[in-house]
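A.B. asks: sequence and computational prediction follow.
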Amino acid sequence: MARPDEAAAALPGDGIVPDAQVTMDRAFDLAAEPGAVWPWFAQLGKDRAGWYLPAWVERVVPARRRGLRRVEPSLQHLAVGDVIPDWGGRDATFEIVEHTPPTTLVHRSERGNLRISWAIVLRPAPGGTRVHLRFRIAGVRRVWLVRTGGELMDLLTVAGLAAGLRERVGVRALR
């Protein structure tokens with residue numbers, strides 16, 4: 001969970017959706033330096049390395065839908081302006097608007113009336129890396145629904161991501 005000071009701090013990408021009706025902040029720690037964590041975020045996503053989940057969850061996911069358990073060199077070449085698919089619908093995508101390895105990756109998306117930004121910020125921390133994810137959204141018709149159902153979904157998916165990354169980064173850090 002993001003600490004109050006993290007949630008209150010400005011992050012890269014906040015200006016993309018300055019009038020956000022909902023902001024979701026999540027944070028977690030990984031036991032590896034940002035340079036070792038970064039490649040996992042660079043390849044994250046639909047039609048890329050997938051969404052990382054822990055092995056016990058992935059056992060019930062079809063093999064073709066499981067997240068990669070290795071860093072794939074061919075997926076490490078993001079650049080500002082790249083568009084990557086997202087799970088938010090058949091035509092949902094994210095555009096990379098900031099790419100500063102190994103610390104910052106900011107995405108934006110427009111889906112009908114919705115304007116979205118998603119920032120991933122990695123900071124050195126004692127024992128490894130502090131990962132801070134911020135999702136901002138405007139153009140929401142039912143804010144209460146996003147604040148309840150969306151928050152719960154975000155909490156669960158990020159908890160799965162954190163657990164999956166801990167497995168992957170821990171293995172990589174030992175090599």
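C.D. replies: Cool, the structure landed.
A.B. asks: alpha carbons only for contacts and neighbour counts from here, please
C.D. replies: Noted.
A.B. asks: where does the chain have low pLDDT?
C.D. replies: 171-175 (pLDDT under 70).
A.B. asks: end-to-end on stretch 53-69?
C.D. replies: 10 Å (C-alpha to C-alpha, to the nearest Å).
A.B. asks: what comes up buried for it?
C.D. replies: 53-55, 66-69 (16 or more other C-alpha atoms under 10 Å).
A.B. asks: likewise stretch 88-98?
C.D. replies: Result for stretch 88-98 [16+ other C-alpha under 10 Å]: buried residues 93-98.
A.B. asks: do the same with stretch 153-169
C.D. replies: 154-155, 158-169.
A.B. asks: ditto for stretch 105-116
C.D. replies: Those would be 105-110, 115-116, for stretch 105-116 by 16+ other C-alpha under 10 Å.
A.B. asks: so which of those residues belong to strands?
C.D. replies: 105-110, 115-116 (DSSP state E).
A.B. asks: quick one, helices of this protein?
C.D. replies: 4-8, 34-42, 55-58, 143-145, 151-174 (DSSP state H).
A.B. asks: figure out how far the fourth one is from the centre of its chain.
C.D. replies: Going back to what we said before, that points to helix 143-145. 22 Å (C-alpha atoms, centre = their mean, to the nearest Å).
A.B. asks: now what about it, what contacts it?
C.D. replies: 21-22 (C-alpha atoms under 8 Å, 6 or more residues apart in numbering).
A.B. asks: equivalent analysis for stretch 34-48, please.
C.D. replies: By C-alpha under 8 Å, 6+ apart, stretch 34-48 touches 30, 49-52, 71-72, 75-78, 84-87, 101-103, 122-124, 128-129, 165, 169, 172-173.
A.B. asks: can you pull the buried residues of it?
C.D. replies: Those would be 34, 36-46, 48, for stretch 34-48 by 16+ other C-alpha under 10 Å.
A.B. asks: same question, stretch 142-154
C.D. replies: Buried residues in stretch 142-154 (16+ other C-alpha under 10 Å): 146, 151, 154.
A.B. asks: so what's the residue nearest to the first one when sequence neighbours are not counted up against?
C.D. replies: Read it as Val146. Counting by C-alpha to C-alpha, 6 or more residues apart in numbering, Val146 lies nearest to Val22, which is 7.4 Å off, once chain neighbours are set aside. Each residue near Val22 by C-alpha under 8 Å, 6+ apart is listed here: 136-138, 143, 146-147.
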